[in-house]
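Engineer: give me coordinates for this.
(2 chains)
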Amino acid sequence: MVVLVGAAVDAEAHSENSLPHLLSQTLVLARRLLIRWVRNPLAIVHALLLPVAFLLTLKLVFADSITSITGENALYRSVPLVALVAGMAGSSVGVVGITAEHLDGFLARLWALPIHRVAGLLSRLAAETIRLLGTTLVILGAGVILGFRFHRGAAAALLWVAVPVIFGVAFSALVTTAILYWRRALLVEAMQPVVILGATFCTGFVPLEQYPGWVQPLVRDQPMSSAVDAMRGLSVGGPVLWPMISALVWSAAIFAACLWPIMVGYRRASTSR
Amino acid sequence: MTALTAARPVPSTAQQWWVLTTRLIAPTLRNGEVAVGVAVSVAATASFYIPLNRLMNGPDLQMSSYAQYLMPLITLQAISFASISTAFRAATDTVQGINRRFQALPMASLTPLAARISASVYRCAIGLTVALACGYVIGFRFHRGPFYIVAFCLLVLLTGLALAFMCDAIGTNSRNPAATAQWLLLPQLIFGYLSVGIQPVHRFPEWIQPIVRNQPISQIVYALHAFAGDSAPGTAPVTWSVVGPALIWVVGVIALTLPWAIVVYRRRS
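Structural biologist: Predicted coordinates:
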């Protein structure tokens, strides 16, 4: 009896809507997601080693041709591109996680606990941000070893790191929405053509003038090109403001458009089989 | 009483194989698998040809156009997407326990494996067809007659088969459908870019040229270039020294991966 009363009092103190508790709950859940990610060796290979290998490949295959056309080291294009691609490829881990936890009932169990309703989603956002930051730093490290340097100072370097994280969060929001409404494992496969087309129709792959005229407007204004252009400006120098605004508007628009569907879809995934 | 003594049915292995194959093939139009397959082939063509055409085209290709040069790599990318998703089905079958269930039924133990491989060949055929159609759009043509067209398609499908055996073993072994599907993207691009399918070997940095020239994708690309021919003179003729290494690679990979796939499948179920 005492125990029951105690538990009830305890629950009273931990209101489901309390903001301080939301913070601690989010931290616990985010930590759980990150531990699961780090302990999966395949995911680490996928998120870190393969992108670095991809960066090396781009350098070996295309760097000479591109450097001879533009007169500037091709790394200032390919390092940003690979940082974006690695973030996008890694987002499948989150997609897979949501499907698996919906199927094995973990989401439903979380829903039944006296924790803040937003904690589940917020922890995924936090874990995703940390994952993207880690991926970006690893690729930046590989780039620096190959000869990538920042020429615009420390503040620009910090902004450079922020761009793939912001873009990656927006892309994760997009694929999370997709998996909540089209619950097929096939989605991970269906993501591949999107990532490939996004990466190859991008100013980070080859310079804009190399594309046929009719496709140039598309290449120039797609979000990945804006992000790469902004990052190029922040590292080697060049226009920053306009590509940066474009990249931020793209990311914010994608994130805002997905926010409401994600909340509805997550609730549905947590409350139904 | 008669029921108990009635003769046991004698199931036909071929029929069982067909039933299990249609189990994998029949739903592909409805569940989006065919749509994704077509999209991947189109994406592979567009993503290689449109950005790289101006950058890569040059007299040292020794081909009439970059489309003609690029076609083998495009078909290989398309079929490797198709066959790598075999890993995904294999892992799904293992996780869901249907392999174990099949083992309890009166049929040859390798029939489910054979069915998955057949379904993979079906997906490869779709990928190859779409890739060739896309190739005709960008300007690729066969120049050596029907026999070599068939040889081109067979070599591509055989490569798909080798990949399918490998991926079936990986998928069955991992028991994690999603983790295997992640292997699709970057390894393929890395192998594809580091091959002579994208640019002639002399354009690579000198120290990596031996690796680029001798890796299996490059050898298959050499053979496919020969099978396709070209309007301009200068392509290699179809001789054993051109086609042989590709065949040895493909047959060798099958000879290694087929027993491996069988061993893994037997152990896991």
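
Engineer: which ones are touching the closest residue in space to residue B:152 that isn't next to it in sequence?
Structural biologist: Excluding the flanking residues, the one nearest residue B:152 by C-beta to C-beta, 6 or more residues apart in numbering or on different chains is residue B:227, at 4.1 Å. To be clear about C-beta, it is placed using only N, CA and C from the backbone, and glycine gets the same treatment. Residue B:227 is in contact with B:144, B:148-149, B:151-152, B:155, B:238, B:243, counting by C-beta atoms under 8 Å, 6 or more residues apart in numbering or on different chains.

Engineer: can you rerun that using 7 Å?
Structural biologist: B:144, B:148, B:151-152, B:155, B:238 (C-beta atoms under 7 Å, 6 or more residues apart in numbering or on different chains).

Engineer: export those residues to JSON lines and tack on pLDDT and neighbour count?
Structural biologist: What follows is the contacts of residue B:227, written out as JSON lines (pLDDT from 0 to 100; neighbours: other C-beta atoms under 10 Å in any protein chain shown):
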{"residue": "B:144", "pLDDT": "85", "neighbour count": "17"}
{"residue": "B:148", "pLDDT": "90", "neighbour count": "16"}
{"residue": "B:151", "pLDDT": "92", "neighbour count": "18"}
{"residue": "B:152", "pLDDT": "92", "neighbour count": "24"}
{"residue": "B:155", "pLDDT": "93", "neighbour count": "21"}
{"residue": "B:238", "pLDDT": "80", "neighbour count": "16"}
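
Engineer: the spatially most central residue of chain B and chain A, how far apart?
Structural biologist: The residue lying closest to the centre of chain B (C-alpha atoms, centre = their mean) is residue B:160, at 2.2 Å. Plainly put, residue B:160 is 16 Å away from chain A if you go by C-beta to the nearest C-beta, to the nearest Å.

Engineer: ok, now which ones touch that residue?
Structural biologist: Contacts of residue B:160 by C-beta under 7 Å, 6+ apart are B:79, B:82-83, B:120-121, B:124.

Engineer: where exactly do the helices run in the chain?
Structural biologist: All of this is about chain A. Secondary structure of chain A (DSSP state H): helices at A:2-13, A:19-38, A:41-44, A:50-70, A:75-103, A:106-112, A:119-146, A:154-181, A:186-200, A:216-221, A:223-235, A:241-271.

Engineer: looking at chain B here, not the other one
Structural biologist: Under DSSP H, chain B gives helices at B:2-5, B:13-25, B:33-56, B:66-95, B:98-103, B:111-138, B:146-174, B:177-181, B:185-193, B:209-214, B:216-228, B:240-268.

Engineer: closest one to residue A:64 among those?
Structural biologist: helix B:33-56 (10.9 Å; C-beta to C-beta).

Engineer: mind listing what's buried along the closest one?
Structural biologist: Going by neighbour count (16 or more other C-beta atoms under 10 Å in any protein chain shown), the buried part of helix B:33-56 is B:33-34, B:36-53, B:55-56.

Engineer: and these near chain A, which?
Structural biologist: Contacts with chain A within the buried residues of helix B:33-56, as defined by C-beta under 7 Å from any C-beta of the partner chain: B:33, B:36, B:39-40, B:43, B:46-47, B:50-51, B:55.

Engineer: ok, those vs residue A:192, which is closest?
Structural biologist: Distances from residue A:192 to those, taken by C-beta to C-beta, are shortest for residue B:40, at 6.4 Å.

Engineer: neighbours of the residue nearest to that closest one when sequence neighbours are not counted, how many?
Structural biologist: Nearest residue to residue B:40, sequence neighbours excluded (C-beta to C-beta, 6+ apart): residue B:81, at 4.6 Å. Per other C-beta atoms under 10 Å in any protein chain shown, the neighbour tally for residue B:81 reads 29.

Engineer: hang on, residue B:81 packs against residue B:127?
Structural biologist: Yes - using C-beta atoms under 7 Å, residue B:81 is in contact with residue B:127, at 6.4 Å.

Engineer: near chain B, which residues of chain A?
Structural biologist: Residues of chain A lying near chain B (C-beta under 7 Å from any C-beta): A:42, A:46, A:50-51, A:53-54, A:57, A:60-61, A:65, A:89, A:92, A:96, A:185-186, A:188-190, A:192-193, A:195-197, A:200-201, A:205-206, A:210-212, A:215.

Engineer: swap in 6 Å and give it another go.
Structural biologist: Counting by C-beta under 6 Å from any C-beta of the partner chain, chain A comes close to chain B at A:42, A:46, A:50, A:53-54, A:57, A:61, A:65, A:89, A:92, A:96, A:185-186, A:188-190, A:192-193, A:196-197, A:200, A:205-206, A:210.

Engineer: just the buried members of these?
Structural biologist: Here, 16+ other C-beta under 10 Å leaves A:46, A:50, A:53-54, A:57, A:61, A:65, A:89, A:92, A:96, A:185-186, A:188-190, A:192-193, A:196-197, A:200, A:205-206, A:210 buried among the residues of chain A next to chain B.

Engineer: got TSV for the helices of chain A, with distance to residue B:173 too?
Structural biologist: Shown next, in TSV, are the helices of chain A (distance: least, C-beta to C-beta, whole Å):
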stretch	distance to residue B:173
helix A:2-13	46
helix A:19-38	21
helix A:41-44	12
helix A:50-70	19
helix A:75-103	18
helix A:106-112	25
helix A:119-146	26
helix A:154-181	25
helix A:186-200	19
helix A:216-221	41
helix A:223-235	35
helix A:241-271	30
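
Engineer: which of these has the lowest average pLDDT?
Structural biologist: Sorting the helices of chain A by mean pLDDT places helix A:2-13 lowest, at a mean of 51.

Engineer: export stretch A:137-145 to PDB, keeping only CA atoms.
Structural biologist: Output of stretch A:137-145 as PDB, limited to C-alpha atoms (Å, rounded to 0.1, in the frame of the first residue of the first chain):
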ATOM      1  CA  LEU A 137      33.800  15.900 -38.500                       C
ATOM      2  CA  VAL A 138      35.200  12.500 -39.600                       C
ATOM      3  CA  ILE A 139      34.800  13.500 -43.300                       C
ATOM      4  CA  LEU A 140      36.300  16.900 -42.600                       C
ATOM      5  CA  GLY A 141      39.200  15.200 -40.900                       C
ATOM      6  CA  ALA A 142      39.800  13.000 -44.000                       C
ATOM      7  CA  GLY A 143      39.500  16.000 -46.200                       C
ATOM      8  CA  VAL A 144      42.100  17.900 -44.100                       C
ATOM      9  CA  ILE A 145      44.500  15.000 -44.500                       C
END
